[in-house]
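A.B. asks: pasting the sequence and the predicted coordinates here, then a few questions.
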Amino acid sequence: MKTGRRRAAAIEAANRGERYTLAEACRRVKELSFARFDESVDLAVRLGVNPKHADQMVRGAVVLPHGTGKVNRVLVFAKGEKVAEAEEAGADYVGGDELVAKITEGWLEFDTVVATPDMMGQVGRLGRVLGPRGLMPNPKVGTVTFDVSKAVRDAKAGKVEFRVERAGIVHAPVGKRSFDEAHLAANVLAILGALMKAKPSSAKGTYVRSVTLSSTMGPGVRIDPTSVEVEA
């Protein structure tokens, strides 16, 4: 069966109007994935905030208990003793001006960027390159820090950064189709818990409006928000 037919069959099998418990949704998203590769599983949460207002911006990071299933290549901008610290923690690339020049020339073979505060003068020049790709180090998510060892270990362990988009939706990876349902569910709860902690005090009304789980190629599976209530 061709990909188009497999996708059409998956969409037909999905009950778009149904809202599932988290456990049921994790089972369904695995059943409805059809690609011949290990599809990623992603979470989409629509929040009751208006990102146009600075006091309603939702942003943060969380280390998923079961990782993302993806090998994370970590680049660290550091100097002095912090270079050895980053290398010992498992960073894939460590350096300073030479990495700035390499990135300026178009090299982007990394997934997470960490920088010590004293390197941000050089790193700031890369804002137009790293910013649009969500790779710019930021102290709010722990990627601008002198504790580079922890930052690298967290990134390797499956740290996920999230930020609400203009439409009020947060997208985040929660694993792979090959994950068992319990591990997917635990990762979803970790993301939702982090979103609750990041809830702006100015947000009014219902904060979590909708929760949807989907694989790379498969249709979305809606989760009943009342079945995944977590404490802030």
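C.D. replies: Looks like it came in fine.

A.B. asks: which is the next helix or strand following the least confident helix or strand in the chain by mean pLDDT?
C.D. replies: One helix or strand of the chain scores below all others by mean pLDDT, DSSP states H and E: helix 3-13, with a mean of 58. Beyond helix 3-13 in the direction of the C-terminus, DSSP states H and E gives the next helix or strand as helix 22-32.

A.B. asks: buried sites along that next one?
C.D. replies: With burial defined by 16 or more other Cβ atoms under 10 Å, the residues of helix 22-32 counted as buried are 22, 24, 25, 26, 27, 28, 29, 30, 32. No exception for glycine: its C-beta is placed from N, CA and C like everyone else's.

A.B. asks: what comes into contact with the longest helix anywhere in the chain?
C.D. replies: Longest helix of the chain, by residue count under DSSP state H: helix 181-197. Here helix 181-197 makes contact (Cβ atoms under 8 Å, 6 or more residues apart in numbering) with 22-23, 26-27, 29-30, 41, 43, 45, 47, 58, 60-66, 68, 160, 162, 170, 172, 174-175, 179, 207-208, 211, 213, 223, 228, 230-232.

A.B. asks: try it again at 7 Å.
C.D. replies: 22-23, 26-27, 30, 41, 43, 45, 58, 60, 62, 64-66, 160, 162, 170, 172, 174-175, 228, 230-232 (Cβ atoms under 7 Å, 6 or more residues apart in numbering).

A.B. asks: what does stretch 66-76 give?
C.D. replies: 86, 91-94, 99, 109-114, 148, 152, 155-158, 160, 173, 175-176, 179, 183, 186-187.

A.B. asks: list the buried residues in that stretch.
C.D. replies: In stretch 66-76, counting by 16+ other Cβ under 10 Å, buried: 66, 67, 68, 69, 72, 74, 75, 76.

A.B. asks: just stretch 172-188 next, same as before
C.D. replies: For stretch 172-188, using 16+ other Cβ under 10 Å, the buried residues are 172-177, 179, 181, 183-188.

A.B. asks: in JSON lines: those, plus pLDDT.
C.D. replies: Formatted as JSON lines, the buried residues of stretch 172-188 follow (pLDDT from 0 to 100):
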{"residue": "172", "pLDDT": "95"}
{"residue": "173", "pLDDT": "95"}
{"residue": "174", "pLDDT": "96"}
{"residue": "175", "pLDDT": "96"}
{"residue": "176", "pLDDT": "96"}
{"residue": "177", "pLDDT": "95"}
{"residue": "179", "pLDDT": "96"}
{"residue": "181", "pLDDT": "96"}
{"residue": "183", "pLDDT": "97"}
{"residue": "184", "pLDDT": "97"}
{"residue": "185", "pLDDT": "96"}
{"residue": "186", "pLDDT": "96"}
{"residue": "187", "pLDDT": "97"}
{"residue": "188", "pLDDT": "97"}
